[in-house]
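K.L.:
Provided below are the primary sequence and the corresponding predicted coordinates.
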Amino acid sequence: MKKIIYLFMACFAILFASCKNDDGGISSYSKNIVGDWELTKATEYYNGQQSNVYEPIYLSIYADHSLLWNEEGESDQGTWMISDNILLISMSWGGKVNWTIKSLTSKELILRSGVSIEYVEYVFRKN
């Protein structure tokens, strides 16, 4: 009888340990990134030099992994996905961009694209 109780307790412990708090595979990035975003600052870095390259950009990111990018009055549709801290954007015309998510809160999104000596950083505010 003791063996059965120990076996039951061991099975229960394994079952309990294997359960985790799972949100269906949706990362906190994916939860916070959905919404309408407006570019508030864009900075280009090249060989140690910094320049502001602000242009009006509006980005709508939807829960179904579609998006709408509006820049200088022209818009394009695309899709998005997040892997770790990388936002992968594929536009309808075939362009693809990998953005590193430097920071994401419920109100601010900071994206970086490029390499260490040449990159652009976008700061968006959620509308």
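P.N.:
In hand now; what should we look at? These numbers were taken from a predicted model, which means no experiment stands behind them. Residues are numbered from 1 along each chain as shown.
K.L.:
switch to C-alpha atoms for all contacts and neighbour counts from now on
P.N.:
Noted.
K.L.:
The closest residue to Gln50 other than its chain neighbours: how many residues sit nearby?
P.N.:
Using Cα to Cα, 6 or more residues apart in numbering and skipping residues adjacent in sequence, the residue nearest Gln50 is Glu44, 5.7 Å away. Glu44 has 19 neighbours, counted by other Cα atoms under 10 Å.
K.L.:
same check, this time on the one 4 residues further on
P.N.:
A count of neighbours around Gly48, defined by other Cα under 10 Å, yields 9.
K.L.:
Which residue comes closest to it once chain neighbours are left out?
P.N.:
Ile117 (6.9 Å).
K.L.:
show me the contacts for that neighbour.
P.N.:
Tyr45, Tyr46, Asn47, Gly48 (Cα atoms under 8 Å, 6 or more residues apart in numbering).
K.L.:
is it fair to say the first one lies in a strand?
P.N.:
Yes - under DSSP: H, G, I helix; E, B strand; the rest coil, Tyr45 falls within a strand.
K.L.:
what are the ranges of the strands in the protein?
P.N.:
When assigned using DSSP state E, the strands of the chain occupy the ranges 35-46, 49-52, 57-61, 66-71, 74-83, 86-91, 96-104, 108-115, 118-126.
K.L.:
still on that earlier bit, among the contacts of Ile117, which one has the most neighbours?
P.N.:
Among the contacts of Ile117, Tyr45 has the most neighbours (other Cα under 10 Å), with 17 neighbours.
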